[in-house]
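Visitor: build me a model from this:
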Amino acid sequence: MPVGVHVIMNVYDVNDAALLTSLERGQPLSDHVVNSLHLHVLEKAGHQFQPHGYTLMYLLSESHYSIHTYPEFQSCYIDIFCCNKEFDPLVAVKLVGETFGTDNIQHHVIVR
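Guide: A predicted model of the protein is given here:
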């Protein structure tokens, strides 16, 4: 019996580089995604890389969310593993696209 769904997203063509460059600017976007999906954050950890880019991870009561950004390639990579049966990975993909202003997202859904 599956316990959750893991959606892995490669997000391309993010035109606003500031969304990928600065953790300070990017964290509210991830907060928006997680909150809009009705996920519950237990802990957050992030790291600002130099000269740019960041990694942000959320420990969720439902499992985890992570984002790794590469502004030099106008891309980021997002994983969400969720054990809430109400979670819809396609809604998550659409929300990420709207949040980061791109339609160019490759994704994989794994039932685990």
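Visitor: other SSEs contacting the helix or strand where Lys94 lies?
Guide: Counting by DSSP states H and E, the element that carries Lys94 is helix 89-100. In terms of contacts (3 or more CB pairs under 8 Å, 6 or more residues apart in numbering; DSSP states H and E), helix 89-100 is packed against strand 5-11, helix 23-36, strand 75-82, strand 105-111. In this view, the C-beta of every residue, glycine as well, is placed from N, C-alpha and C.
Visitor: kindly export whichever helix or strand comes after the second one (C-alpha atoms) in PDB.
Guide: Taking DSSP H and E as the definition, the helix or strand that follows helix 23-36 towards the C-terminus is strand 41-48. Extracted in PDB, the C-alpha atoms of strand 41-48 (Å, rounded to 0.1, in the frame of the first residue of the first chain):
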ATOM      1  CA  VAL A  41       6.000  23.200   8.300                       C
ATOM      2  CA  LEU A  42       7.800  21.800  11.300                       C
ATOM      3  CA  GLU A  43      11.300  23.200  10.600                       C
ATOM      4  CA  LYS A  44      13.000  25.300   7.900                       C
ATOM      5  CA  ALA A  45      16.700  25.400   6.900                       C
ATOM      6  CA  GLY A  46      18.300  27.400   4.100                       C
ATOM      7  CA  HIS A  47      21.600  28.400   2.800                       C
ATOM      8  CA  GLN A  48      22.600  31.400   0.600                       C
END
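Visitor: so which of the helices and strands packed on helix 89-100 is the most packed in?
Guide: Neighbour counts (mean count of other CB atoms under 10 Å) averaged over each of these peak at strand 75-82, with a mean of 21.
Visitor: adjacent strands (with direction) for that one?
Guide: In the sheet, strand 75-82 lines up against strand 5-11 (antiparallel), strand 63-70 (antiparallel) (DSSP bridges).
Visitor: any idea which of the ones you listed gets closest to Glu86?
Guide: strand 5-11 (10.5 Å; CB to CB).
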